[in-house]
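Undergrad: got a sequence here, can you build the structure:
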Amino acid sequence: MQALLELDCIPAGMELFPAADEDQWSLIKRVINDCDYYLVIIGGRYGSIGPEGYSYTEMEYRYALESRKPIIAFLHSDPGSLPAKHSEPSAALRDKLGEFRALVQKKLCKFWGSPAELGSMVSRSMVQLIKTRPAVGWVRADKIPDERAVEEILRLRKRVDELTGELTRIATEPPQGSSDLAQGEDEFRIRLKILVAHKTGRSWVHVSVLASWNEIFNAIGPLMLDESGEPEMISTIQSNLAVLRRKEIAAAVALQGFQEDSLRDLELYPDDFQTIRLQFRALGLIVKSEKSRSLKDTRTYWTLTRYGDRVITELRALKRNH
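TA: All right, here's what the predicted structure looks like:
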């Protein structure tokens, strides 16, 4: 008891609750239910037998075991050396004591030989048990929230859940006011510089092609599933247009007196890329990446928003062939 009190524990000794009838046994079970830990000390006596054929001490231990309470048992290391008044005179009860000790030793147990040793062993064992199996413990009555405080906490928790759900919904939808912006299948005229070869050398010619916003996002969106730098985004748009708008580009170059096989390179106007980038940002599809990187890397990186992730998934995911 002293060892437990010095650890700021509140011991509820079972010897304080004599199990004389069923009502007392119900009280003992309630006490065990209210406790955080169960300690059993076994010396040389088995104790009086209860209605189930076990001693009340073993009944308590088995109930604590069934209740999944953290248990530590403290067994006398040499019960045969105890004085007769502290030993079990009946051979049948000594056998039951041996069976009880065998049961207890299947769980965590310690062996003691003197009161002083038992006290220090309880202190060390409880410190370790509290550390490995922290429990609820007790609080002062004035620290318990009253009914109104509990109701307010529940109301606020419900409100937090509602707001969290609203934020999740907003994050996967287009931003407010973006319906007035060009998007989807609306087309954007992209200006290109085309490097062509001719008899006297090479020259840049200027052409423009139309591409829908979905087409452009379909090209660069997958790059930003993690994050992408602007040079990679520009290169991907250029490659995409070179393939998908090949005939239009060749026709525009032909009007300026050059053949398709004279095309050597293609570049996107920097100002048009900035427009594309800002448009997708305004549509809530992309945001500037906040990932940390080395001080030497001064490039700008972009990544998809949750809404942008949803849109690119819908654009690129393969549909079932019916």
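
Undergrad: where along the protein do the strands fall?
TA: 38-42, 71-76, 109-112, 187-198, 201-212, 228-229, 263-268, 286-288, 301-304 (DSSP state E).

Undergrad: elements contacting the last one?
TA: Secondary structure elements in contact with strand 301-304, counted by 3 or more C-beta pairs under 8 Å, 6 or more residues apart in numbering; DSSP states H and E, are strand 228-229, helix 230-244, strand 286-288. Heads up, the C-betas are built off the backbone N, CA and C, glycines and all.

Undergrad: sheet-wise, list the partners of it with their directions.
TA: Applying DSSP bridges to the sheet, strand 301-304 is found paired with strand 228-229 (antiparallel), strand 286-288 (antiparallel).

Undergrad: can you give the distance of the shortest one from its chain's centre?
TA: Just to be clear, that refers to strand 228-229. 28 Å (C-alpha atoms, centre = their mean, to the nearest Å).

Undergrad: what mean pLDDT does it have?
TA: Averaging pLDDT along strand 228-229 yields 93.

Undergrad: name the residues that touch it?
TA: Contact with strand 228-229 is made by 220, 299-303, as judged by C-beta atoms under 8 Å, 6 or more residues apart in numbering.

Undergrad: spatially central residue in this protein, please.
TA: Centre of the chain computed as the mean C-alpha position; nearest residue by C-alpha atoms, centre = their mean is T164, 15.9 Å away.

Undergrad: all helices of this structure, in order?
TA: 2-6, 22-34, 56-66, 91-104, 115-132, 147-171, 213-220, 230-244, 246-254, 270-282, 306-316 (DSSP state H).

Undergrad: any idea which of these gets closest to A141?
TA: helix 147-171 (13.8 Å; C-beta to C-beta).

Undergrad: let me see the contact set for V287.
TA: 281, 302-305.

Undergrad: rerun at 10 Å
TA: 224, 280-281, 302-305, 308 (C-beta atoms under 10 Å, 6 or more residues apart in numbering).

Undergrad: quick check, I194 in contact with Y269.
TA: No: if you go by C-beta atoms under 10 Å, I194 and Y269 don't touch, sitting 11.7 Å apart.

Undergrad: any weak-confidence spans in the stretch 51-200 of the chain?
TA: Counting by pLDDT under 70, the stretch 51-200 of the chain shows no low-confidence range.

Undergrad: quick one: the closest residue in space to L285 that isn't next to it in sequence from R133, how far?
TA: Excluding the flanking residues, the one nearest L285 by C-beta to C-beta, 6 or more residues apart in numbering is G308, at 3.7 Å. According to C-beta to C-beta, to the nearest Å, G308 stands 47 Å off from R133.
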